[in-house]
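Student: Model the structure of this input:
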Amino acid sequence: MTTPTYTVIYEPQPEGGYTVSVPALPGCVTEGNTLEEARRMAEDVIRGYCESLLADGELLPPDVSDLPVHERIAVLLSTG
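Tutor: All right, here's what the predicted structure looks like:
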């Protein structure tokens with residue numbers, strides 16, 4: 001048994017919920033109404049994708065390492 005690890009991207013949607021993509025696995029996309037549900041759906045779609053590759057005798061692709069880094073930074077503003 002193997003335990004691959006893949007980076008996922010959660011994109012909030014204007015109508016609510018999240019779209020989730022897995023950059024290392026082309027076409028591997030899912031969604032969820034909450035972040036928790038989106039995470040569960042991502043695990044499920046990654047599992048299915050990888051099991052399908054292995055069943056076809058293919059190797060699992062490596063995770064991508066060149067994704068842009070995102071973070072939120074809060075700054076204190078002087079209002080004087």
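Student: contacts, neighbours, all on C-alpha from now
Tutor: OK.
Student: all strands of this protein, in order?
Tutor: Using DSSP state E, the strands of the chain run over residues 9-12, 18-21, 29-32.
Student: Can you tell me the strand partners of the first one and which way each runs?
Tutor: What that stands for is strand 9-12. Here strand 9-12 has these sheet partners by DSSP bridges: strand 18-21 (antiparallel).
Student: ok, and what's touching the partner strand?
Tutor: With contact meaning Cα atoms under 8 Å, 6 or more residues apart in numbering, strand 18-21 is reached by 8-13, 27-35, 38, 42.
Student: Please list only the buried members of those residues.
Tutor: 8, 10, 12, 28-32, 35, 38, 42 (16 or more other Cα atoms under 10 Å).
Student: Point out where the chain drops to low pLDDT.
Tutor: Scanning the chain for pLDDT under 70 picks out 80.
Student: so what's the closest residue to Val20 other than its chain neighbours up against?
Tutor: Closest residue to Val20 apart from its sequence neighbours, by Cα to Cα, 6 or more residues apart in numbering: Tyr10 at 4.7 Å. Residues counted as contacts of Tyr10 (Cα under 8 Å, 6+ apart) are 18-21, 38.
Student: hmm, back to that, arrange the buried ones among the contacts of strand 18-21 in a markdown table, one row each, with distance to Met1 as further columns.
Tutor: Below are the buried ones among the contacts of strand 18-21 laid out as a markdown table (distance: Cα to Cα, whole Å):
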| residue | distance to Met1 |
| --- | --- |
| Val8 | 22 |
| Tyr10 | 27 |
| Pro12 | 33 |
| Cys28 | 21 |
| Val29 | 24 |
| Thr30 | 24 |
| Glu31 | 27 |
| Gly32 | 28 |
| Leu35 | 28 |
| Ala38 | 25 |
| Ala42 | 19 |
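Student: re earlier: output the strands of the chain as TSV; include the columns distance to Asp66.
Tutor: Putting the strands of the chain into TSV (distance: least, Cα to Cα, whole Å) gives the following:
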stretch	distance to Asp66
strand 9-12	13
strand 18-21	15
strand 29-32	19
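Student: Minimum distance to Leu67: which of the ones you listed has it?
Tutor: Closest approach to Leu67 among the strands of the chain is made by strand 9-12 (9.9 Å; Cα to Cα).
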